[in-house]
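Trainee: okay, predicted coordinates and the sequence, questions at the end:
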Amino acid sequence: MSASEKQKRLPSYAVLDEDAAQGYEELTQQGVYNLLPTELFWQARQPFLYKHGYQLRPRYSPNWEPSWKGTNLDPTFCEDSIMLVNYQVIDARQLKDNELVAIKQFRNDTQEARIAQFLSSITDPLNHCVTIHEILSDPFDPQLSLMVMPYLRPCRDPDFATIGDVVDFVNQTLEGLVFMHRHNVAHRDIAVENIMMDAAALYPGGHHPVRRHYTPDGLYEVTPLPRGDRSVTYLYVDFGLSSWFPGDASPYVVGRVGRDKQAPELSSTVPYNAFKLDIFTLGNLYSQEFEQRYNSMHFLVPLIDNMRQPRPESRPTAAQLLAQWEEIKADLKESLFRWRLGPKTEPAVERVLNDTVAIAREGIYHLRKFVR
């Protein structure tokens, strides 16, 4: 297909007039779109990864040249202009099935790979830890390795929309915590950034792995389907600070580590129970992401209060919290699950309007059930 034929298929906003095209050509020559130093790391490893069955995006080919050079295409909408955001992780396609994966570089002097592979190897319905496809030794740096995992999205992108979305998230993350603790692993860095989701069901046509709100080619905005009854799986990731306590090993550790520094026991000198820290930080996540942010989260308060008790020894175990959660969940009406999440910052007039729409949708839902 010629360049002119290709442009006919593009949206009008992706094609520039001559003056604008000349301006972008000059920016390209100035190096504005060059690979970042952190991207050069991955470009150097592109042949190695290809040899092991993983194809990076065209931007990282050894002899990459911008696809828009010599054309009047807007580089913003050329896929190979999209730069890497997180230098430690890059997306790739498996050559055998074209599945999207994430490849993470990590140092060999941590327990991350050992713990991640251990948890990934266990078949258990409560296992909500990321799957590890394989670990490759870095071809250049003996202190580094490359971990291949499924591609996942941040757990709150798209935003949670209904109370049912929150219930499902709490259910899966509590199950995952029970699983880790049952196998003597404390995560030690539970935060919203370290809980990802497999959201493939929300994007049946896919999306770009970096510019996540656009189609895979980076041209068109995409709208996710509602989570609703679709299968969304939440997974714990990043075991770089995790601890594994085999046998009767003491669960006491030291260190003010992790994203959440609000646990009162955190100390660089006084040992604290790593499992009790996980309880606090997960409860703190529920508080910050849901109870403090949305209305109608009263049902979460008893669970959160139990998890965030100041004295670590007073906090229940993960298994006890899951049992408490099952009791709370049993008392919730099914209709509540479909109710929208109303932000506490929402103006009163807007809240009334949105609640009215939600009531109408609930009525339609019941009407459809009746007609069936």
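Mentor: Sure, I can see it.

Trainee: shaky segments in the chain?
Mentor: Low-confidence segments of the chain (pLDDT under 70): 1-8, 347-372.

Trainee: tell me what the residue most central in space within it is bridged to.
Mentor: When Cα atoms, centre = their mean is applied to the chain, the residue found nearest the centroid is Pro154 (2.3 Å). In this entry, Pro154 is beta-bridged to Met196, by DSSP bridges.

Trainee: all helices for the stretch 251-372 of the chain, in order.
Mentor: 274-286, 301-307, 318-330, 334-337, 348-371 (DSSP state H, counting those that start in this stretch).

Trainee: how near is the residue nearest to the centre of the chain to Leu235?
Mentor: When distance is defined by Cβ to Cβ, to the nearest Å, Pro154 is 11 Å away from Leu235. All C-beta atoms are positioned from the backbone trio N, CA, C, and that covers glycine.

Trainee: now list whatever residues contact both of these two.
Mentor: Residues touching both Pro154 and Leu235 (Cβ atoms under 8 Å, 6 or more residues apart in numbering): 196-197.

Trainee: what separation do you get for Tyr54 and Asn63?
Mentor: Tyr54 sits at a distance of 18 Å from Asn63 (criterion: Cβ to Cβ).

Trainee: sorry, wrong one. I was asking about Val253.
Mentor: Look at Val253 and Asn63: by Cβ to Cβ, they are 48 Å apart.

Trainee: same drill for the two, tell me which one is more crowded.
Mentor: Comparing Val253 with Asn63 by other Cβ atoms under 10 Å, the one with more neighbours is Val253, at 18 against 5.

Trainee: just the residues contacting stretch 57-72, thanks.
Mentor: Residues contacting stretch 57-72 (Cβ under 8 Å, 6+ apart): 3, 7, 15-18, 20-21, 24-25, 28, 33, 35, 39, 42-43, 46-47, 73-75, 78-83, 90-92.

Trainee: can I get the buried part of those as one ChimeraX selection?
Mentor: Buried residues within the contacts of stretch 57-72, by 16 or more other Cβ atoms under 10 Å, are selected in ChimeraX with:
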select :15,16,21,24,25,28,33,35,39,42,43,46,73,74,75,78,79,80,81,82,90,91,92
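
Trainee: ok, Gly240 - contacts?
Mentor: The contact partners of Gly240, by Cβ under 8 Å, 6+ apart, come to 106, 110, 112, 189.

Trainee: and what of Val185?
Mentor: Listed by Cβ under 8 Å, 6+ apart, the contact set of Val185 reads 115, 118-119, 239, 242-245.

Trainee: among the residues you listed, name the ones in helices.
Mentor: Among the contacts of Val185, DSSP state H puts 115, 118-119 in helices.

Trainee: name the member of those that has the highest neighbour count.
Mentor: Leu119 (25 neighbours).

Trainee: if I pick Val232, what's in contact with it?
Mentor: Listed by Cβ under 8 Å, 6+ apart, the contact set of Val232 reads 168, 197-199, 201-202.

Trainee: so the residue nearest to the centre of the chain touches Asn194, yeah?
Mentor: No - Pro154 lies out of contact with Asn194 (Cβ atoms under 8 Å); the separation is 10.0 Å.

Trainee: between these two, what contacts are shared?
Mentor: When Cβ under 8 Å, 6+ apart defines a contact, no residue borders Pro154 and Asn194 alike.

Trainee: now Ile122, nearest residue through space, not along the chain?
Mentor: Spatially, and ignoring its direct neighbours in sequence, Ile122 is nearest to His183 (6.7 Å; Cβ to Cβ, 6 or more residues apart in numbering).

Trainee: ok, now how distant is that neighbour from Pro246?
Mentor: Counting by Cβ to Cβ, the separation of His183 from Pro246 is 10 Å.

Trainee: between those two, who's got more neighbours?
Mentor: A count of neighbours by other Cβ under 10 Å puts His183 above the other of His183 and Pro246, at 17 against 9.

Trainee: enumerate every residue touching that one.
Mentor: Here His183 is in contact with 118-119, 122 (criterion: Cβ under 8 Å, 6+ apart).

Trainee: rerun at 10 Å
Mentor: Residues near His183 by Cβ atoms under 10 Å, 6 or more residues apart in numbering: 115, 118-119, 122, 124, 127, 129, 244-246.

Trainee: again, but for Glu221
Mentor: Counted by Cβ under 10 Å, 6+ apart, Glu221 has contacts 207, 211, 213-215.
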